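*Asks:* Any chance you can model this:
(2 chains)
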Amino acid sequence: DAGITQSPRHKVTETGTPVTLRCHQTENHRYMYWYRQDPGHGLRLIHYSYGVKDTDKGEVSDGYSVSRSKTEDFLLTLESATSSQTSVYFCAISEEEREFPDTQYFGPGTRLTVL
Amino acid sequence: GQSLEQPSEVTAVEGAIVQINCTYQTSGFYGLSWYQQHDGGAPTFLSYNALDGLEETGRFSSFLSRSDSYGYLLLQELQMKDSASYFCAVAAGGYQKVTFGIGTKLQVIP
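*Replies:* Next comes the predicted model:
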């Protein structure tokens, strides 16, 4: 299994509070991603990174920001959490492998509840 | 943009064969991937097709037709542990961006 951890694994917070989720990898992979997963929507890309300090928006980036100061860490921040951000958040990593160039490896997920 | 369509639910009998279809619309297509996700777990990679044809990995096979923008995942000799959600995904554009379908929930019944 790819070495990906997420912290915290579960979090309950209140509307309006800031929340930061952390993704840590030991694979030295270049690409890192944050997804949210909601019933009926599958996995939707929030933000991704293609290198240290290089990030870009995904399809559902409003209300989220990210930072990547080291290869191994990718942080997702909800500046002011809302109930619509209650979801399961997955971090993923990938590398341009010759055989399976687009393969992504997922972390265990963080279940976030915003009350 | 990219879009994928796959059935939301499929039910099949233990020991049987099931096919999960996926159609896609995308620009700059690189390949079609399949992922499995058990309830409460993380998605895990199953297979990848970049070229037309069938790829076989044990009980699982994946097929791609680039001209039809269509692929499928074939699961043979179904086992109860195969009950899970299966996602097709396409990569398009640069930076390894992947778009996932909404997933097909497979229920294997005795």
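*Asks:* can you confirm B:T99 is in a helix?
*Replies:* No: secondary structure of B:T99 (DSSP: H, G, I helix; E, B strand; the rest coil): strand, not part of a helix.
*Asks:* Not counting sequence-adjacent ones, nearest residue to it?
*Replies:* Using Cβ to Cβ, 6 or more residues apart in numbering or on different chains and skipping the chain neighbours, the partner closest in space to B:T99 is B:Q2 (4.1 Å). For every residue, glycine as well, the C-beta is placed using N, CA and C.
*Asks:* mind listing what that neighbour touches?
*Replies:* B:Q2 sits next to B:24-27, B:90, B:92, B:99 when contact means Cβ atoms under 8 Å, 6 or more residues apart in numbering or on different chains.
*Asks:* Check B:V108 too.
*Replies:* Taking Cβ under 8 Å, 6+ apart as the test, what B:V108 contacts is B:11-14, B:78-80, B:82-83.
*Asks:* re earlier: quick check: pLDDT value at the residue nearest to B:T99.
*Replies:* Note on B:Q2: pLDDT of 77.
*Asks:* Output stretch B:41-52 as PDB, nothing but the C-alphas.
*Replies:* Below are the C-alpha coordinates for stretch B:41-52, written out as PDB (Å, rounded to 0.1, in the frame of the first residue of the first chain):
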ATOM      1  CA  GLY B  41     -12.900   2.400   2.800                       C
ATOM      2  CA  ALA B  42     -10.800   4.300   0.400                       C
ATOM      3  CA  PRO B  43     -10.900   3.800  -3.400                       C
ATOM      4  CA  THR B  44      -8.200   1.300  -4.700                       C
ATOM      5  CA  PHE B  45      -6.900   1.000  -8.200                       C
ATOM      6  CA  LEU B  46      -8.100  -2.000 -10.200                       C
ATOM      7  CA  SER B  47      -7.100  -1.500 -13.800                       C
ATOM      8  CA  TYR B  48      -6.100   0.900 -16.600                       C
ATOM      9  CA  ASN B  49      -6.700   0.900 -20.300                       C
ATOM     10  CA  ALA B  50      -4.900   3.200 -22.600                       C
ATOM     11  CA  LEU B  51      -5.500   1.300 -25.800                       C
ATOM     12  CA  ASP B  52      -8.500  -0.500 -27.300                       C
END
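*Asks:* near chain A, which residues of chain B show up?
*Replies:* B:30-31, B:33, B:41-45, B:48, B:50, B:87, B:89, B:91, B:95-103 (Cβ under 8 Å from any Cβ of the partner chain).
*Asks:* Disregarding flanking residues, what is the spatial nearest neighbour of B:L46?
*Replies:* Nearest residue to B:L46, sequence neighbours excluded (Cβ to Cβ, 6+ apart): B:W34, at 4.3 Å.
*Asks:* Would you tell me what helix or strand that neighbour is located in?
*Replies:* Element membership of B:W34 [criterion: DSSP states H and E] is strand B:29-37.
*Asks:* which is the next helix or strand following that strand?
*Replies:* strand B:44-49.
*Asks:* how much space between the nearest residue to A:L45 once chain neighbours are set aside and A:T113?
*Replies:* Among residues not flanking A:L45 along the chain, A:G58 sits closest, at 3.1 Å (Cβ to Cβ, 6+ apart). The gap separating A:G58 from A:T113 is 22 Å, by Cβ to Cβ, to the nearest Å.
*Asks:* go on, B:N21?
*Replies:* 35 Å.
*Asks:* now do A:V60
*Replies:* With Cβ to Cβ as the criterion, A:V60 and A:T113 are 18 Å apart.
*Asks:* next one: B:L32
*Replies:* For B:L32, the distance to A:T113 - Cβ to Cβ - is 34 Å.
*Asks:* Thanks a lot, catch you later.
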